[in-house]
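Trainee: My questions concern the predicted model and sequence given below.
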Amino acid sequence: MSVLIAIDQGTTSTRTVAFDSDLNIVHSEQKEYSLKYPNDGWVEIEPNELMKSVYATIDPVLDACSDISGVGITNQRETTLVWDANSGLPIYNAIVWQDRRTADHCMQLKKDGYEEIIKNKTGLLLDPYFSATKISWILDNVDGARQKAEDGKLRFGTVDTYLLWQLSVGGIFKTDVTNASRTSLYNIHSKNWDLELLKVFNIPASMLPEVQASDSNFGSVFRNEKTIQITGVIGDQQSALVGQRCFKPGQMKATFGTGCFLMVNTGEESIQSTSGLLNTLGYGLSGHIPYALEGSIFSAGTIIQWLRDNMKFFADSSASIDFLSDKGESNDVIFVPGFTGIGAPHWNSEIRAAFYGITRDTTQSDMVTAAFKALIYQVIDIIDALRNDGIEIKNLSVDGGMVANTGFCQLLADYLGHDIEVPSSLESTAIGAAITAGLGSGFFLIEDLHQNDSRSANIFKPREGIFDPEDLSKWRKFLRLLLDAYN
């Protein structure tokens, strides 16, 4: 049986999944690893731990599969690595997309008048979220790095590029259009690295990988006595867009993983949001590169992990449903999950997480319910921003680990007032990588994927009388107080 393999490299774990021709899972491996928090707002990954998680998952899958048509890589975007071009050794830990250490640098660039240039060329806001200021920080804070970069001796990559380099022992130095579009260095209109942006961020062009379409043949790697072709690379949120078959303008998905990301396909139209959303590239498949609008929420699954690991409210994330009020009642407790700042549409790097309204009779259930509601309220803020940009949604297709919590999905429907569609497989990101690799290897034709989408789904319909607009108003008032305090 011929299979497609997806390497799904996420923020806190790596999964490698083999799919058959009907995109059913035939083998899967997962390995978690820990993040590092050296200072307030800093988030890092030790590169060796990242690679160990990749090898620990890909090797058993390769051993189990004899006929491999292609391999796709999907990855946490924006996370930044810089390594020595000769040795392949990283010169610093991976700086994770959630990291906020470059907030002052971004503020200085805004004061210097570069915000509109960056926004117009990249579709992105000037924020620590993206890769460019992370690269600059490494070059300016690691001894000798700036000079080595100027001498052409350093390489930069998002995680996909780093995996390709390591798996090929330096033979492949490439990325795809979706990952490139998240660096603040790639012009999404001319589809190339932008020399003006490189000058703004003071980054040598020699550090940057070659950019290809998502469904390109990126090259071959040799592993476990097998030569395998990498026929797809795509950023994780765009991969979920593909996995949810959002191939038509107006189709939208939301992924609830470590963070939460809402993305809508806008087709050939490059919409520059006036409401704090991001204009980005949706995918590069079958010669087509549509645009997309995205709303990014920094903390989603992170909230549940914190309640589990730090607060010790429950031993397993799946048990969070037992603490979630089925009607969203949190006894007037409000939570703002700004562990590393807050994303769309507010974009504040300095804000931190806070509870409000805790009294002597506050329970764990109140606090867990408030945490889930905070996530839903951020989704409402993004949907309102989409509406302001002229995009109205009637239902929402969701995926990611958090949507295994049926109580959360029901509250999401209740509060949004829309049907919430949960596909039978929550692995939209891995499926998207497999589809991308399948298109790159000729295993699929995109026309077939348009026509043959027979996935079943669970539909959550909104209940009357559950959503309390006054509670949302209180949450927004508390959020505004925090935002004003850090502006």
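Mentor: Yes, it's here.

Trainee: How many residues are close by residue 480?
Mentor: 11 (other C-beta atoms under 10 Å). In this view, the C-beta of every residue, glycine as well, is placed from N, C-alpha and C.

Trainee: Make sure residue 205 is actually in contact with residue 195.
Mentor: Yes: in this structure, residue 205 is within contact of residue 195 by C-beta atoms under 8 Å, at 7.2 Å.

Trainee: where does the protein dip in pLDDT?
Mentor: Applying pLDDT under 70 to the chain picks out residues 394, 450-456, 487.

Trainee: which residues of the stretch 201-350 of the chain fall in helices?
Mentor: 236-243, 301-309 (DSSP state H, counting those that start in this stretch).

Trainee: which one of these lies closest to residue 398?
Mentor: Across those, residue 398 has its closest neighbour in helix 236-243 (9.7 Å, C-beta to C-beta).

Trainee: Other residues contacting that closest one?
Mentor: For helix 236-243, contacts defined as C-beta atoms under 8 Å, 6 or more residues apart in numbering pick out 8, 10, 74-77, 178, 214, 234, 253, 255, 257, 261, 263, 265, 280-283, 285, 292, 294, 399-400, 427-433, 435-436.

Trainee: ok now that helix, how far from the chain's centre?
Mentor: Put simply, helix 236-243 sits 9 Å off its chain's centre (C-alpha atoms, centre = their mean, to the nearest Å).

Trainee: returning to that earlier point: comparing the helices of the stretch 201-350 of the chain, which comes out most buried?
Mentor: Of the helices of the stretch 201-350 of the chain, the one with the most neighbours on average (mean count of other C-beta atoms under 10 Å) is helix 236-243, at a mean of 31.

Trainee: follow-up on the earlier one: between the helices of the stretch 201-350 of the chain, which one is closest to residue 38.
Mentor: helix 301-309 (17.2 Å).

Trainee: what does the closest one contact?
Mentor: Contacts for helix 301-309 (C-beta under 8 Å, 6+ apart): 12, 98, 256-259, 313-317, 320, 337, 339, 367-368, 371-372, 374-375, 400-402.

Trainee: that older thread, could the helices of the stretch 201-350 of the chain be laid out in CSV, adding distance to residue 332?
Mentor: Shown next, in CSV, are the helices of the stretch 201-350 of the chain (distance: least, C-beta to C-beta, whole Å):
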stretch, distance to residue 332
helix 236-243, 34
helix 301-309, 19
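
Trainee: Stretch 122-141: end-to-end distance?
Mentor: End-to-end span of stretch 122-141 (C-alpha to C-alpha, to the nearest Å): 26 Å.

Trainee: related to what we said a few turns ago, select from the contacts of helix 236-243 every entry located in strands.
Mentor: 8, 74-75, 234, 253, 255, 261, 263, 265, 280-281, 292, 294, 399 (DSSP state E).

Trainee: Include neighbour count and distance to residue 223 when you put those residues into JSON lines, please.
Mentor: Converted to JSON lines, the ones in strands among the contacts of helix 236-243 look like this (neighbours: other C-beta atoms under 10 Å; distance: C-beta to C-beta, whole Å):
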{"residue": "8", "neighbour count": "26", "distance to residue 223": "17"}
{"residue": "74", "neighbour count": "36", "distance to residue 223": "18"}
{"residue": "75", "neighbour count": "30", "distance to residue 223": "18"}
{"residue": "234", "neighbour count": "35", "distance to residue 223": "20"}
{"residue": "253", "neighbour count": "26", "distance to residue 223": "31"}
{"residue": "255", "neighbour count": "28", "distance to residue 223": "28"}
{"residue": "261", "neighbour count": "28", "distance to residue 223": "30"}
{"residue": "263", "neighbour count": "25", "distance to residue 223": "32"}
{"residue": "265", "neighbour count": "23", "distance to residue 223": "34"}
{"residue": "280", "neighbour count": "26", "distance to residue 223": "31"}
{"residue": "281", "neighbour count": "24", "distance to residue 223": "29"}
{"residue": "292", "neighbour count": "28", "distance to residue 223": "33"}
{"residue": "294", "neighbour count": "23", "distance to residue 223": "33"}
{"residue": "399", "neighbour count": "24", "distance to residue 223": "28"}
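
Trainee: List just the nearest of those residues to residue 53.
Mentor: Nearest member of the ones in strands among the contacts of helix 236-243 to residue 53, counting by C-beta to C-beta, is residue 8, at 10.9 Å.
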